[in-house]
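Engineer: for reference, the sequence and a predicted model appear below.
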Amino acid sequence: MLQDHLFDFPYQLLRFMEHIQYTEFTELRSPLAVYLDACGSCHDQALFEYRELQAQGFSPKAKFIMSVDDYGQGGETHSFVYYQIANKWFWFENAWEELRGIREYYSEDELIDSVMFVFGRRNGFDHLYLADFIPEEHSIGEDLDTFVDICMDSAEEYEI
């Protein structure tokens, strides 16, 4: 019974998330605001997904990625959520609309490599940084510079 729930809930959440529209980041929005307004940036949606999966007994992880040019100027960013069931890893994606869905992997490294490859291809393989997005380290209402600075404290350049 519990095993069925573990596989069903993320797909129910994904069906719900199809109604959440992407909006540009202005400030970090609460999961309640994302729910009520049915919109949010990738960072807002990742926070919402993280909290919902956590509330259902999963142990989700969230990551932040950023493209940086040769001059050190930050470019596109993205946050995403993933989780593990048994020996499989699942990337849950809604905000990146062309990749909306749940993808299954055999390891956490395979999942991260896949996300980073797609992000790198999209960004011309600039310098890519991968960081932890730890919701407890963030405050609702923080601006993008603050959000990025907090995430980048744990960032490491990622080699594809």
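Structural biologist: That came through, no problem.
Engineer: got any ranges where this structure has weak pLDDT?
Structural biologist: Scanning the chain with the threshold set as pLDDT under 70 gives 1-7, 125.
Engineer: that one: strands as residue ranges?
Structural biologist: All strands of the chain, identified by DSSP state E, fall at 21-22, 39-40, 61-68, 74-85, 88-93, 101-105, 127-132, 156-158.
Engineer: TSV for those, including mean neighbour count and distance to residue 11?
Structural biologist: Any C-beta I mention is one placed from the backbone N, CA and C, and that applies to glycine too. Output for these, formatted as TSV (neighbours: other CB atoms under 10 Å; distance: least, CB to CB, whole Å):
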stretch	mean neighbour count	distance to residue 11
strand 21-22	13	20
strand 39-40	20	20
strand 61-68	21	19
strand 74-85	20	12
strand 88-93	21	10
strand 101-105	14	7
strand 127-132	19	26
strand 156-158	13	29
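Engineer: make JSON lines out of those strands and add distance to residue 115.
Structural biologist: Output for the strands of the chain, formatted as JSON lines (distance: least, CB to CB, whole Å):
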{"stretch": "strand 21-22", "distance to residue 115": "17"}
{"stretch": "strand 39-40", "distance to residue 115": "19"}
{"stretch": "strand 61-68", "distance to residue 115": "7"}
{"stretch": "strand 74-85", "distance to residue 115": "6"}
{"stretch": "strand 88-93", "distance to residue 115": "6"}
{"stretch": "strand 101-105", "distance to residue 115": "9"}
{"stretch": "strand 127-132", "distance to residue 115": "9"}
{"stretch": "strand 156-158", "distance to residue 115": "10"}
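Engineer: which of these sits closest to residue 53?
Structural biologist: Nearest to residue 53 among the strands of the chain is strand 74-85 (5.7 Å), distances taken as CB to CB.
Engineer: ok, which of the strands of the chain comes nearest residue 141?
Structural biologist: strand 39-40 (13.3 Å).
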